[in-house]
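K.L.:
Predicted model and sequence follow; I will ask about them next.
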Amino acid sequence: MAKDTPPRWDRKMQQRLARGEAAALGELYDRFSSLVHGLAHRVLGDETGADRITREVFAHIWEHPEGYDPRQGPFRSWLATLTHRLAVQRLRTTETAAFARGGEGTSEDLERKVRGASAAARADYIATSMPAPLRSALDLAYFQRRDYRQTAADLGVTEEEARRRLRLGLQLLATANDASGTPPGPGRSR
């Protein structure tokens, strides 16, 4: 497949949505609602807000299926970017309203909070999107507190391979603090 040719599923899904197929929206929701909700929750830190953003994202897709261009990247990345944008807008609105009501904090505090929430959401997105061998190595090393030798033994790989997987996984996660702070979007390579 040529590099600029979008994945078949993404193209077909966009076409089905453009035709107004309700079943396509249901399929998209089943496949990506946990990603959308998780990213929104990570940014907002609020279950109710994350539910609201999830509804808004899928309503937006239903109303504007042409907003996704399969040539720009995978549906997953576009959904993550859309979710992030809406959640950050909601966070800024609610925090600005709280500040206006006499809450504590400054606009710099708000931006710091937004950047922190964006980096956390990006890290979640990266961790769930990385290849399973890298994710497994990181899980063993950091959440189960195994050293690289134990990780290698648990995974059934050489110590060098375990170190390589850990290094690559950490390099991917390190991009969560990049200047943009948003999940990789269509047309971006990370």
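P.N.:
Alright, I've got the coordinates.

K.L.:
I'd guessed residue 51 sits against residue 36; true?
P.N.:
No - contact criterion C-beta atoms under 8 Å: residue 51 and residue 36 do not qualify, at 10.3 Å. For the C-beta atoms, the positions are set from N, CA and C on the backbone; glycine is no exception.

K.L.:
Those two: which is more packed in?
P.N.:
residue 36 (27 against 13; other C-beta atoms under 10 Å).

K.L.:
quick one: the more buried one from residue 80, how far?
P.N.:
8 Å (C-beta to C-beta, to the nearest Å).

K.L.:
mind checking how far the helix-or-strand element of the chain with minimal mean pLDDT is from the chain centre?
P.N.:
Least confident helix or strand of the chain, by mean pLDDT, DSSP states H and E, is helix 107-129 with a mean of 75. Centroid separation for helix 107-129 versus its chain: 10 Å, with C-alpha atoms, centre = their mean, to the nearest Å.

K.L.:
the domain parsing of this protein - what is it?
P.N.:
What the record gives for the chain is the domain set 1-126, 130-178, from automatic domain parsing.

K.L.:
Residue 174: which element?
P.N.:
Per DSSP states H and E, residue 174 falls inside helix 159-174.

K.L.:
how about that helix as CSV, C-alpha atoms only?
P.N.:
The C-alpha trace of helix 159-174 is given here as CSV (Å, rounded to 0.1, in the frame of the first residue of the first chain):
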residue,chain,number,x,y,z
GLU,A,159,18.3,-8.9,28.4
GLU,A,160,19.4,-6.8,25.5
GLU,A,161,15.9,-7.0,23.9
ALA,A,162,14.3,-6.1,27.2
ARG,A,163,16.5,-3.0,27.5
ARG,A,164,15.7,-2.1,23.9
ARG,A,165,12.0,-2.4,24.5
LEU,A,166,12.2,-0.3,27.7
ARG,A,167,14.3,2.3,26.0
LEU,A,168,12.0,2.6,23.0
GLY,A,169,8.9,2.7,25.3
LEU,A,170,10.4,5.5,27.4
GLN,A,171,11.4,7.4,24.3
LEU,A,172,7.8,7.3,23.1
LEU,A,173,6.5,8.4,26.5
ALA,A,174,9.0,11.2,26.7
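
K.L.:
Please point out which parts of that helix sit buried.
P.N.:
For helix 159-174, the neighbour count (16 or more other C-beta atoms under 10 Å) marks 161-166, 168-169, 172-173 as buried.

K.L.:
Same check on stretch 86-97?
P.N.:
86-88, 90-91, 95.

K.L.:
neighbouring contacts of it?
P.N.:
39-40, 43-44, 49-50, 52-53, 56-57, 60, 105, 110, 113-114, 117-118, 121 (C-beta atoms under 8 Å, 6 or more residues apart in numbering).

K.L.:
Number of residues surrounding residue 145?
P.N.:
Burial of residue 145 is recorded as 8 neighbouring residues (other C-beta under 10 Å).
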